[in-house]
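> what would the 3D arrangement of this be:
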Amino acid sequence: MSKLVDTQNEKDHRNLAIDRVGVKQVRYPIAIKDRDGKPQHTVATLSLAVDLPKEYKGTHMSRFVEALNTTHAPLEVSTIVSLPEGLLDRLPAQCAHIDLKFPFFRSKPAPVTKKEALLDYEVRFEVETTRDKETDLTVTVYVPVTTLCPCSKAISAYGAHNQRGTVTLSVKMKSPIWIEDLIELVETSASAELYSLLKREDEKFVTEQAYDNPVFVEDLVRNVAIKVKKHPEITWFKVEAENYESIHNHNAYAIIEG
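This is a model prediction of the structure:
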């Protein structure tokens, strides 16, 4: 049998390195331990990539999937953080990057009746590791909230418009922080929290809570930022709030990075 040509290892003469090359939209099972110590089994969508030196024509795409599958399903946080090292062991790169998103579920009791139902959030891990073993981890939570407009409340005789919004909080940290802690930090910064199941007593409570606690999108990011800055384990953050306006055909947004 003749030897197969390794086209990817051929020399490239265009003298252009590539910042990131790899595979996207890979789905893989993961197990994330929640704050109660129980593993939550869910499915992540991953991107895996490395830099490509200018000398090489291409990378070996199969090695990304190979590295992922040597971790043995389901992925856990420890294997997620070490996965870029596995890519660097297989590929001639100086930096490896993985990006994964997954739905995270919480059983959340209604505020008055305490009836519980699952509410889903989206969580994102970004891990980058260099050849000299420097690793950078960013955790992002996407948290749905309720906001009520302070201006509408101030000028209206019969109420105020409110809407759902999404707060995107990204952090780097000195030591691990529970996903639930980040979610709760955001939820307590809004006019009111979201729930999956509300009876009439609960709906009355949430509606009145939002009315008593109006926040602009600017207030929302400032509220989150103040709490993040006080957290002893967080070394960097970016918080973005986007309101899906109920009386406008556009969204309102604000961002703070610190």
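> where does the stretch 101-250 of the chain dip in pLDDT?
Applying pLDDT under 70 to the stretch 101-250 of the chain flags no residue at all.
> wasn't A117 part of a strand?
Yes. According to DSSP: H, G, I helix; E, B strand; the rest coil, A117 belongs to a strand.
> so it bridges to which residues?
K108 (DSSP bridges).
> now the one 5 residues further on
When bridges are assigned using DSSP bridges, the partners listed for E122 are P103, Y142.
> neighbours around it, how many?
15 (other C-beta atoms under 10 Å). No exception for glycine: its C-beta is placed from N, CA and C like everyone else's.
> so it sits against P103, correct?
Yes. Contact criterion C-beta atoms under 8 Å: E122 and P103 qualify, at 6.2 Å.
> next, S189: secondary structure please.
Classified using three-state DSSP, S189 is coil.
> if I look at it, how far off is D51?
From S189 over to D51 the distance is 37 Å, taken as C-beta to C-beta, to the nearest Å.
> higher neighbour count, those two?
S189 (25 against 20).
> residues contacting the more buried one?
145, 167, 215, 220, 223-224, 227 (C-beta atoms under 8 Å, 6 or more residues apart in numbering).
> and which of these is nearest to A252?
L220 (9.8 Å; C-beta to C-beta).
> run a quick neighbour tally on the closest one.
Residue crowding around L220 was assessed by other C-beta under 10 Å; the count is 26.
> got a list of what it touches?
145, 147, 165, 167, 189-190, 241, 254.
> at 6 Å instead, please
L220 is in contact with A241, counting by C-beta atoms under 6 Å, 6 or more residues apart in numbering.
> quick one: it and V141, what's the gap?
Distance, L220 to V141, using C-beta to C-beta: 14 Å.
> surely T129 meets C95?
No. Applying C-beta atoms under 6 Å, one finds T129 not in contact with C95, separated by 7.1 Å.
> more crowded one of these two?
More neighbours surround T129 than the other of T129 and C95, with 23 against 19 (other C-beta under 10 Å).
> chain center to stretch 185-196, what's the gap?
17 Å (C-alpha atoms, centre = their mean, to the nearest Å).
> buried residues in it?
185-187, 189-195 (16 or more other C-beta atoms under 10 Å).
> same deal with stretch 74-94?
Quick answer for stretch 74-94 (16+ other C-beta under 10 Å): 74-75, 79-80, 83-88, 90-91, 93.
> do stretch 134-151 as well
Neighbour count says stretch 134-151 has 137-150 buried, by 16+ other C-beta under 10 Å.
> would you mind putting the CA coordinates of it into CSV?
C-alpha atoms of stretch 134-151 as CSV (Å, rounded to 0.1, in the frame of the first residue of the first chain):
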residue,chain,number,x,y,z
GLU,A,134,-0.4,29.5,30.8
THR,A,135,-4.2,28.9,31.0
ASP,A,136,-6.9,31.6,30.8
LEU,A,137,-10.5,30.7,31.7
THR,A,138,-13.6,32.9,31.2
VAL,A,139,-17.0,31.8,32.4
THR,A,140,-20.1,33.5,31.0
VAL,A,141,-23.7,33.2,32.2
TYR,A,142,-26.7,34.4,30.2
VAL,A,143,-29.5,35.3,32.6
PRO,A,144,-33.0,36.3,31.7
VAL,A,145,-34.6,39.0,33.9
THR,A,146,-37.5,41.4,34.2
THR,A,147,-37.0,45.2,34.0
LEU,A,148,-39.5,48.0,34.5
CYS,A,149,-38.9,51.4,33.1
PRO,A,150,-38.4,54.2,35.7
CYS,A,151,-39.4,56.9,33.2
